[in-house]
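S.K.: Just to be clear, the model below is a prediction. Sequence and coordinates:
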Amino acid sequence: MPVMRILEAELYPTLLSKARSFGLSDKWVQALAYKDPVRRQVLRVKGCLAGSKAEKVLEQGDMLLAINGHPVTCFRNIEVACCRVDEYGDGCDDLKFTVFRQGSELELSAGTDLRDGRGTTRMVNWAGCVVQDPHPAVRALGFLPEEGHGVYVGRWCHGSPAHRYGLYALQWIVEVNGKPTPNLQTFVDVTKDLEHRAFARVKVVHLNGKPRVLTLKQDLHYWPTWELRFDPETATWRRRTVKEHTTHGLSSV
């Protein structure tokens with residue numbers, strides 16, 4: 001899978017005539033119109049993906065005027081600028097932006113991110129809910145919990161302990177029995193110590209940022225803990241049982 005360098009920000013076009021009403025100078029209006037006389041537009045920031053390098057620098061409403069001194073007017077200009085970052089060979093992944101923000105022109109440096117396009121490569125099924133790293137559509141909403149964001153509930157099964165005790169999708173699990181779970185591996189290490197029919201105190205954070213605490217009783221006989229991993233060498237998914245309850249007792253890997 002090829003690796004691509006991208007700017008993890010959502011952009012949308014605004015006509016130069018409207019940009020002028022926001023205070024954009026005639027100098028930049030003319031420069032952007034000369035660059036793209038057909039579209040006559042400027043790109044504005046709608047938002048940045050949570051956890052991205054761009055999130056630390058760019059703000060909603062920013063007008064992107066130029067990158068590395070070259071005017072930009074369309075999405076293709078952004079793609080080309082990102083692709084050229086590695087050509088310099090200095091180990092820096094930043095882009096030099098000229099932006100218009102609240103009536104002022106600013107010179108900023110925003111980092112780019114590498115993505116391979118594989119998406120989700122690991123998921124864990126615990127107590128009937130599917131947990132994974134948050135996918136781009138979730139991060140595009142602009143929020144990740146400060147406690148860690150590697151345990152996102154993307155799905156739950158009807159009749160499972162997760163369904164019965166209210167551990168639904170669209171939230172992060174940040175603690176289990178008072179132990180932080182900032183990533184998937186830590187979550188597996190914490191939950192595999194829980195016995196069959198044991199109660200677990202789970203702290204979750206919803207997409208809107210509101211925390212909640214619930215108690216869940218797991219059932220390792222009907223709802224064992226297992227995981228799926230994507231093997232890039234063979235392009236296949238492999239399933240592994242983490243912990244289950246058998247007639248002879250508990251078993252785990």
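M.R.: Sure, I can see it.
S.K.: Flag the helix or strand of the chain with the lowest per-element mean pLDDT.
M.R.: None of the helices or strands of the chain scores lower by mean pLDDT, DSSP states H and E than strand 249-252, at a mean of 61.
S.K.: how close does the spatially most central residue of the chain get to R44?
M.R.: What sits nearest the mean C-alpha location of the chain, by CA atoms, centre = their mean, is R139, with 3.2 Å. Relative to R44, R139 is positioned 20 Å away (CB to CB, to the nearest Å). Using the backbone N, CA and C atoms, a C-beta is placed for each residue, glycine as well.
S.K.: same check, this time on V72
M.R.: Taken as CB to CB, the span from V72 to R44 is 12 Å.
S.K.: repeat for V153
M.R.: In terms of CB to CB, V153 sits 33 Å off from R44.
S.K.: Give me the pLDDT for R139.
M.R.: Note on R139: pLDDT of 89.
S.K.: same deal with D90?
M.R.: Reported pLDDT at D90 in the predicted model: 57.
S.K.: which residues touch W156?
M.R.: G128, C129, V130, A162, H163, L167, Y168, A169 (CB atoms under 8 Å, 6 or more residues apart in numbering).
S.K.: can you rerun that using 10 Å?
M.R.: 125, 127-131, 162-164, 166-169 (CB atoms under 10 Å, 6 or more residues apart in numbering).
S.K.: Who are the packing partners of the top strand by length along the chain?
M.R.: Ranked by residue count and defined by DSSP state E, the top strand of the chain is strand 236-246. Contacts defined by 3 or more CB pairs under 10 Å, 6 or more residues apart in numbering; DSSP states H and E place strand 236-246 against strand 122-126, helix 184-191, strand 225-231, strand 249-252.
S.K.: Turn the ones you listed into a markdown table, including distance to E10.
M.R.: Output for those, formatted as a markdown table (distance: least, CB to CB, whole Å):
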| stretch | distance to E10 |
| --- | --- |
| strand 122-126 | 26 |
| helix 184-191 | 26 |
| strand 225-231 | 27 |
| strand 249-252 | 42 |
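S.K.: Nearest to E79 among these would be which one?
M.R.: strand 225-231 (26.4 Å; CB to CB).
S.K.: got a pLDDT number for the closest residue to A50 other than its chain neighbours?
M.R.: Of all residues not flanking A50 in the chain, L144 sits nearest, at 4.2 Å (CB to CB, 6 or more residues apart in numbering). For L144, the pLDDT comes out at 91.
S.K.: Then the one 10 residues further on?
M.R.: pLDDT, G154: 93.
S.K.: now do the same end-to-end measure for stretch 45-64.
M.R.: Distance between the two ends of stretch 45-64: 8 Å, counting by CA to CA, to the nearest Å.
S.K.: before we move on, the earlier item: please identify which of V72 and R44 sits among more neighbours.
M.R.: V72 (23 against 20; other CB atoms under 10 Å).
S.K.: Surely that one touches T98?
M.R.: Yes. Between V72 and T98 a contact is recorded at 9.1 Å, counting by CB atoms under 10 Å.
S.K.: what do those two both touch?
M.R.: Both V72 and T98 are contacted by L64, L65, A66, under the criterion CB under 10 Å, 6+ apart.
S.K.: those helices in the stretch 101-250 of the chain, which residues are they?
M.R.: Assigned by DSSP state H, counting those that start in this stretch, the helices in the stretch 101-250 of the chain fall at 136-139, 161-165, 184-191.
S.K.: Give the residues shared as contacts by V72 and R44.
M.R.: With CB under 10 Å, 6+ apart, V72 and R44 have common neighbours L11, L64.
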